[in-house]
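Novice: Starting from these lines, generate the structure:
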Amino acid sequence: MELTWWPVAAAGLGAVILAIALAVLVPIKGRQDRQLPLANTARLTRLPEYRAVVRRQMRAAAVAITLLILLCAATVLAGARPVGTFSGAEASAPRDDIMLCAAGPADDQATRDVLRYFARQATTYGSERIGLTSLNRRLLPLTRDYQFAAGRLGDFARDAPTAPAFIAPVEYDDYSPTVADALALCLTGFPDFQTTSDTRRSLIYVGPGALRPPGDTTPSLYTDAQVIDMARRAGAQINAIATPGRDTASLSTAADATGGRFFRFDAADVDGHLDAIRASAPPGPEDRADARQDAPAAAIIAALALSALLGVSLLAVRR
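Specialist: All right, here's what the predicted structure looks like:
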C-alpha cells in the first residue's frame with residue numbers, strides 16, 4: 001500500500017512515539033496527602049485474590065493501551081490517503097469530450113446528417129460532453145446538458161428559424177480560412193487544450209478536404225503540421241468525413257497522425273462511419289488495466305473496529 005501524504009504518517013508516528021516516551025520516562029508524582037497509610041500491606045499483596053485482581057487490571061490496561069496505539073496508527077494511515085491499484089477499466093464508463101467541427105454550411109447534406117446523428121445520440125449519453133464549432137463560431141460549448149444539446153443540434157440540422165447563424169458573415173482582405181485553421185479553432189474548444197486531460201477527446205470534422213480553391217496563396221493562421229502537433233499535445237483524436245470535390249490529402253494525414261478515422265461522405269453509410277469513429281475513441285486514463293485510486297476503506301474500518309474494542313476494554317479497566 002502506498003501513501004499520498006507521507007508527512008502525515010511521519011507526524012503521526014512521531015506523536016505516538018513521543019506519547020509513549022513521556023508515559024514511560026516522566027515520573028508521576030501523586031500528592032502525599034492523598035496516600036493513605038495501611039497496615040499489613042505485605043500480607044495483603046500476597047493474597048491470591050489480590051494478585052488475581054491486579055493481573056486482570058494489568059491485562060485490561062495492556063489491551064487498552066495496545067488498542068489505543070493501533071487506533072492512532074489506523075487514524076493516521078487513513079489521514080495519509082492510502083492508494084491502491086485496481087482493475088478500473090470496467091469500473092466506470094469512460095468520460096469523453098466530443099467536439100463536432102463543421103466546415104461546410106448548415107444546409108450541406110453531410111453537415112445535416114452528422115448533426116441529426118448526434119442529436120439522436122446526445123440523449124443517450126451519461127458521462128460525455130458534446131460541443132459544436134463551425135468555420136468561425138463556437139455554436140455549442142462542450143456541455144452535459146443533453147436535452148439542450150440535442151435540441152440545438154436538431155435546430156441546426158433542420159435550419160430552424162430559432163437557430164442562430166451557423167457561420168458569421170466575415171470578409172477578409174488578406175486571409176482565407178483553411179482546413180488547418182478550422183481544426184485549430186475546434187481544438188481550442190477543449191478545456192486546457194494545451195495539455196492532455198483525464199478525459200478522452202475526439203474531434204469529428206465534416207466538410208470539404210480543402211476550403212481554398214487551388215492556387216490560393218493568401219496567408220493562413222496554422223499549417224497542417226502545427227495542427228497535428230496541437231492535437232497531440234491536447235491528446236485529441238482528429239476524425240474526418242470529407243465531402244467530395246476537393247483534395248483530402250492533408251485531412252487524411254491529420255486523421256492518421258492522431259489515430260483517427262477518415263471517411264469520404266456517403267449518405268447511405270454516414271451513420272455507420274460515425275459509429276466506427278465513436279467505437280475507436282482515443283484511449284484515456286480510465287482505459288488502462290491498472291488505475292491508482294484512494295483506498296481508505298480498510299484503514300477506516302479498522303479504526304471503527306478498534307474504537308469499539310477500546311470502549312469495551314475501558315469498561316473492563318474501570319471495573
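Novice: CA only for contacts and neighbour counts going forward, please
Specialist: Noted.
Novice: With adjacent residues omitted, what lies nearest to Arg120?
Specialist: Excluding the flanking residues, the one nearest Arg120 by C-alpha to C-alpha, 6 or more residues apart in numbering is Ala150, at 6.8 Å.
Novice: Enumerate every residue touching that neighbour.
Specialist: For Ala150, the contacting residues are 118-120, 122-123, by C-alpha atoms under 8 Å, 6 or more residues apart in numbering.
Novice: Would you mind measuring from it to Ala122?
Specialist: Distance of Ala150 to Ala122, given as C-alpha to C-alpha, to the nearest Å: 6 Å.
Novice: Helices of the stretch 151-300 of the chain, start to end?
Specialist: Remark: helices assigned in the stretch 151-300 of the chain by DSSP state H, counting those that start in this stretch are 179-187, 224-234, 249-257, 270-279, 297-318.
Novice: Now do the spatially most central residue of the chain against Gly189, distance only.
Specialist: Nearest to the geometric centre of the chain sits Asp198, at 5.0 Å (C-alpha atoms, centre = their mean). Separation of Asp198 from Gly189 (C-alpha to C-alpha) stands at 16 Å.
Novice: Kindly report the same for Thr218.
Specialist: With C-alpha to C-alpha as the criterion, Thr218 and Gly189 are 26 Å apart.
Novice: Looking at those two, which is more packed in?
Specialist: Neighbours of Thr218 and Gly189, each counted by other C-alpha atoms under 10 Å, are more numerous for Gly189; the result is 22 against 11.
Novice: Without its sequence neighbours, what residue ends up closest to the more buried one?
Specialist: Pro141 (6.9 Å).
Novice: Name the helix or strand for Arg55, please.
Specialist: Assigned by DSSP states H and E, Arg55 falls within helix 48-79.
Novice: do the same with Gly12
Specialist: In the assignment (DSSP H and E), Gly12 maps to helix 6-25.
Novice: same for that helix, what does it pack against?
Specialist: The criterion is 3 or more C-alpha pairs under 8 Å, 6 or more residues apart in numbering; DSSP states H and E, and the helices and strands that helix 6-25 contacts are helix 48-79.
Novice: in the sheet, who's paired with Asp97?
Specialist: Arg129, Arg201 (DSSP bridges).
Novice: count of neighbours near it?
Specialist: Residues lying near Asp97 (other C-alpha under 10 Å) number 22.
Novice: List the contacts of it.
Specialist: By C-alpha under 8 Å, 6+ apart, the neighbours of Asp97 are 128-131, 142, 190, 199-202.
Novice: ranking these by neighbours, who comes first?
Specialist: Arg201 (28 neighbours).
Novice: Where does the prediction get shaky in the chain?
Specialist: 1, 28-39, 84-94, 284-294, 314-319 (pLDDT under 70).
Novice: Ser134 is in contact with Pro141, correct?
Specialist: No: with contacts counted by C-alpha atoms under 8 Å, Pro141 stays clear of Ser134, the gap being 11.4 Å.
Novice: Who has more neighbours out of the two?
Specialist: For Pro141 versus Ser134, neighbours defined as other C-alpha under 10 Å are more numerous around Ser134 (25 against 16).
Novice: quick one, phi/psi of that one?
Specialist: With angles defined as degrees, to the nearest 10, Ser134 sits at phi -100, psi -160.
Novice: and it, what is it in contact with?
Specialist: By C-alpha under 8 Å, 6+ apart, Ser134 lies in contact with 101-104, 166-167, 182.
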